[in-house]
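Q: With the input below, show me the fold.
(one chain, ligands or ions: 1)
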Amino acid sequence: MPENKKTFDALVVGGGIAGQEAALSLANMDYKVLLVEKELSIGGKMIQLSKVFPTLDCAACITTPKMSETARHPNIQLLLNTDIMEITKNNGLFNVNLTIQPTYVNPDLCTGCQLCEWACPVVIVDKYNNNMVGQKAISIAFSLANPKVAAIDMNHCIHCKKCEKVCEPKAIDYEMQPKNINIETKTVIIATGFNLFKGENKPQYGFKKFPNVIDAMQMDRLIAPTRPYNAVLRPSDGKVPDKIAYVLCTGSRDSSLENAIGCGAECSNNPICSQICCMYSIKQAQLLMGALPLADITIYYMDIRAFGKGYEEFFQQSKGMGVNFIKGKVAKINQKDDNSGDLILRYEDVTTGALKEANHDLVVLSVGVLPNNGITKVFTDEKLELDNQGFIKSIDELVSPSLTSIDGVFVAGTAAGPKDIPDSILSAGSAASEAASYINSTL
Ligand SMILES: Cc1cc2nc3c(=O)[nH]c(=O)nc-3n(C[C@H](O)[C@H](O)[C@H](O)COP(=O)(O)OP(=O)(O)OC[C@H]3O[C@@H](n4cnc5c(N)ncnc54)[C@H](O)[C@@H]3O)c2cc1C
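A: Prediction:
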């Protein structure tokens, strides 16, 4: 833990791929970095993914070495489970108030042995696997977490003390309290990432109503090497699905979402393209063709936006493999009333204008990207501006895209707008180099 009033060259907020990249770039230039993550491990959304388009490299194989480098770099101090309460500016330095939330397990003593986890009788939903399986009330956040230390979810703990009894290093501390600290920093990099559109905000698609309508992050977990089950199984009955549909642009390029998505007036409609949904759906379709060679996979789309290097070839490859593409706008998803759990998808065939229906036994909603902009409220003396969609505003989009409305505050990755992983990494490198020249200019 940094001492109070310790001064850093940069505070990086968010430990996803963009935050890690920005922190490492600065640390490798010998700047002192504080990386603050609100969750129990760094990794962001990338550590949940199966493989990445268009190379189909394993996401965890790419991201875990970076997570280790970030966690161990001598110039990076890492604070997890930490909330930033306020950032003010004084004499060119940012003054930051932070609260480290209690995990009720001493991280310096915990060895990650998981004996506590096996002893705990309370099962809660597993956030990492998007609520598809359970985890214990005391557990390590996920198998690839870094650092690998346990934490207790006090909302569900029944204080049976079984974990305390089996913990040999005596790491359990039920009395742990939140800790407030205050540090100074010359620059701030915002890398707080994005939120995913919640399927239930498009009620006509039956997400959370019909068990066999899932979202794309759930499917990425089902096909990941660290997947919750051995095979791709549909939620209602554990059947191996054989007719899978993807509904692209769920919650993006959609102006019919008035007041549905709960992220403020700026984004109650989400007219923009999320940039990643076409490609991640095509990726999942290819992986499913390997996992379930007999399954039919149909992608319902408005347009396929395959804009990056190798992406068009990747799209063409999926057609060659036998993925069906239907240019169709999906209006409604219903569950059949024969107790099968199968679904009827009603759509407009855009090429003919005809209204059609198709049967599927699993539907995946390719949900869009929404802003995660809560961090703006911690800047109390200067305003961190947002763009029209609610992402952190880049004040010089064409020439210096990481500059924000506050001098000395930079933005990296999807906090500034939808991006895939390569673009998030590029933007983080740019933020780090802008931050470095800002620090040098103040010397
Ligand atoms: C289903 C799916 C599949 C995908 N597949 C691919 C793919 O195959 N290839 C590809 O290139 N891209 C893919 N993507 C996109 C990829 O996930 C993003 O490009 C990438 O995660 C962006 O990284 P980021 O660091 O900007 O944001 P995030 O991954 O969202 O990380 C943000 C981090 O900031 C933390 N944070 C947020 N707020 C705060 C706060 N106030 N204080 C402290 N910490 C905070 C979060 O906990 C998180 O750790 C996929 C996305 C989805 C949804």
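Q: Single out the residue in the stretch 51-200 of the chain that lies closest to the ligand.
A: Going by CB to the nearest ligand atom, the ligand is nearest to residue 193 of the stretch 51-200 of the chain, at 2.2 Å. Every residue, glycine included, has its C-beta placed from N, CA and C.
Q: contacting residues for that residue?
A: 14, 16, 18, 44-45, 372, 413-415 (CB atoms under 8 Å, 6 or more residues apart in numbering).
Q: One more pass at 10 Å, please.
A: By CB atoms under 10 Å, 6 or more residues apart in numbering, the residues touching residue 193 are 14-19, 44-46, 369, 371-372, 412-415, 419, 424.
Q: Distance check, it against residue 240.
A: Per CB to CB, to the nearest Å, residue 193 is found 33 Å from residue 240.
Q: Residue 51 now?
A: Shown here: residue 51 relative to residue 240, a distance of 20 Å by CB to CB.
Q: How far off centre is the helix ranked longest in the chain?
A: Ranked by residue count and defined by DSSP state H, the top helix of the chain is helix 421-441. With CA atoms, centre = their mean, to the nearest Å as the basis, helix 421-441 stands 21 Å off its chain's centre.
Q: three-state assignment of residue 286?
A: helix (DSSP: H, G, I helix; E, B strand; the rest coil).
Q: Please work out how many residues are found near it.
A: 20 (other CB atoms under 10 Å).
Q: Over to residue 83?
A: Residues within reach of residue 83, counting by other CB under 10 Å, total 14.
Q: Only the C-alpha atoms, please, for the helix or strand encompassing it, written as CSV.
A: Remark: residue 83 resides in strand 82-90, with elements defined by DSSP states H and E. Output of strand 82-90 as CSV, limited to C-alpha atoms (Å, rounded to 0.1, in the frame of the first residue of the first chain):
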residue,chain,number,x,y,z
THR,A,82,-10.3,0.1,-4.6
ASP,A,83,-12.6,3.0,-5.3
ILE,A,84,-11.5,6.5,-6.3
MET,A,85,-13.4,8.9,-4.2
GLU,A,86,-12.2,12.3,-5.4
ILE,A,87,-9.6,13.9,-7.6
THR,A,88,-8.7,17.6,-7.3
LYS,A,89,-5.9,19.6,-8.8
ASN,A,90,-3.6,21.8,-6.7
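Q: Please name every helix or strand in contact with it.
A: Where contact means 3 or more CB pairs under 10 Å, 6 or more residues apart in numbering; DSSP states H and E, strand 82-90 is packed against strand 7-13, strand 33-36, strand 93-100, strand 179-190.
Q: what sits up against it?
A: 1, 11, 13, 34-39, 94-101, 178-182, 184-185, 188, 192, 374-375, 377-382, 384, 406-409.
Q: Show the buried residues in these.
A: 11, 13, 34-39, 94-96, 98, 100-101, 181, 184-185, 188, 192, 375, 378-379, 384, 406, 408-409 (16 or more other CB atoms under 10 Å).
Q: quick one: which of residue 51 and residue 240 has more around it?
A: Using other CB under 10 Å, the more surrounded residue of residue 51 and residue 240 is residue 51, with 20 against 14.
Q: just checking, the more buried one touches residue 59?
A: Yes - taking CB atoms under 10 Å as the definition, residue 51 is a contact partner of residue 59 at 6.0 Å.
Q: joint contacts of those two?
A: Joint contacts of residue 51 and residue 59 (CB under 10 Å, 6+ apart) are 220, 224-225.
Q: What about the ligand: which of those touch it?
A: residue 220 (CB under 6 Å from any ligand atom).
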